[in-house]
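Peer 1: show me the folded form of this:
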Amino acid sequence: MDAPFIGAHAAVTPEPFDLGPMPEHRRLRTVDERVVRAPAERIFDVVRAVEAWPTHLRHYRSVEMQDRRSDGGGVVVMAATRPFGPFAWPVWWKAQMQVISGLDRDPAIRFRHVAGVTKDMEVEWSFTPVGDRFTPQSVPGDTLVRIVHLWDGPWWPLIGGVAAVAIIGPVFIQGIASRTLAGLAAVAERARSSSRSVDDRPVGTRVGDTSVGANG
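Peer 2: Below you'll find the predicted structure:
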């Protein structure tokens, strides 16, 4: 029997998005970071597997990859909640996602929001091996994970920038990002602790920052 013919109509995974470097200036800049007790490649693999986030994170309702690209990124639709005591405020957004890896730089993941209230927001996850160079508690094999959000705010007349800086950034963006980072760090750290003994030093540190950029 002749071998099946694979012609020009065979599925080809599109090339990755090229989202470029993070912009220089936005009204809102938030930073969430944490020293994760896992190697960079491990936490990077956990974060890049966005479709598994709802499995690990209670505040994520769903993640759908609509247009997968050859780097593992694509167009993703994410739905999450921001807890307020017994209540949970639902939020959603659509974003382009680029997965950056290579021998010439530390890995990173870039997002650009293209729909939802946070349209035009720029996001970067970076993963930097820190060893004993960051804090007295860090050891070789640890990773500094940093999430940066940059945004000019929603297109609301007069109050869009104010709403971004005063409410949306510190309450919603950092409220969700800090939980996401802590939850995914825990997944990576559990994988590490299962293969080696765990000492009694504190697990990870997180620093949150919200600032007004040069345009604010």
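
Peer 1: for this structure, longest helix please?
Peer 2: Looking across the chain with DSSP state H, the single longest helix is helix 174-193.

Peer 1: average pLDDT for that one?
Peer 2: Across helix 174-193, the average pLDDT comes to 90.

Peer 1: got the contact list for it?
Peer 2: The contact list for helix 174-193 (C-beta atoms under 8 Å, 6 or more residues apart in numbering) reads 30, 32-34, 36-39, 42-43, 46-47, 53, 56-60, 80, 82-83, 91, 141, 145, 147, 149, 203-204, 206, 208, 210. C-beta: built from backbone N, CA, C; applies to glycine.

Peer 1: restricted to buried residues, select the residues you listed in PyMOL.
Peer 2: Here is the PyMOL command that selects the buried residues among the contacts of helix 174-193 (16 or more other C-beta atoms under 10 Å):
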select buried, resi 30+32+33+34+36+37+38+39+42+43+46+47+53+57+59+60+80+82+91+141+145+147+149+204+208+210
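
Peer 1: so which of the contacts of helix 174-193 are in strands?
Peer 2: Among those, the ones falling in strands (DSSP state E) are 30, 32-34, 36, 60, 80, 82-83, 91, 145, 147, 149, 206, 208, 210.

Peer 1: of those, which one scores lowest on pLDDT?
Peer 2: Arg206 (44).

Peer 1: I figured Glu51 hits Arg68, correct?
Peer 2: No - using C-beta atoms under 8 Å, Glu51 is not in contact with Arg68, being 9.7 Å away.

Peer 1: with neighbour numbers in mind, choose between those two.
Peer 2: Arg68 (15 against 12; other C-beta atoms under 10 Å).

Peer 1: tell me how many other residues crowd the closest residue to Ala108 other than its chain neighbours.
Peer 2: Excluding the flanking residues, the one nearest Ala108 by C-beta to C-beta, 6 or more residues apart in numbering is Ile100, at 4.4 Å. Neighbourhood size, Ile100 [other C-beta under 10 Å]: 21.

Peer 1: so what pLDDT did Ile100 get?
Peer 2: 96.

Peer 1: and the gap between it and Ser62?
Peer 2: Separation of Ile100 from Ser62 (C-beta to C-beta, to the nearest Å) stands at 25 Å.

Peer 1: same question for Trp92.
Peer 2: With C-beta to C-beta as the criterion, Trp92 and Ser62 are 9 Å apart.

Peer 1: residues touching Arg112, list them.
Peer 2: By C-beta under 8 Å, 6+ apart, the neighbours of Arg112 are 17, 19, 95-96, 120-123.

Peer 1: quick one, which of the residues you listed are buried?
Peer 2: When the contacts of Arg112 are checked against 16+ other C-beta under 10 Å, the ones flagged as buried are 17, 19, 95-96, 120-123.

Peer 1: just the helices in this structure please.
Peer 2: Going by DSSP H, the chain shows helices at 40-48, 53-56, 160-163, 174-193.

Peer 1: out of those, which is closest to Gly72?
Peer 2: helix 40-48 (5.7 Å; C-beta to C-beta).
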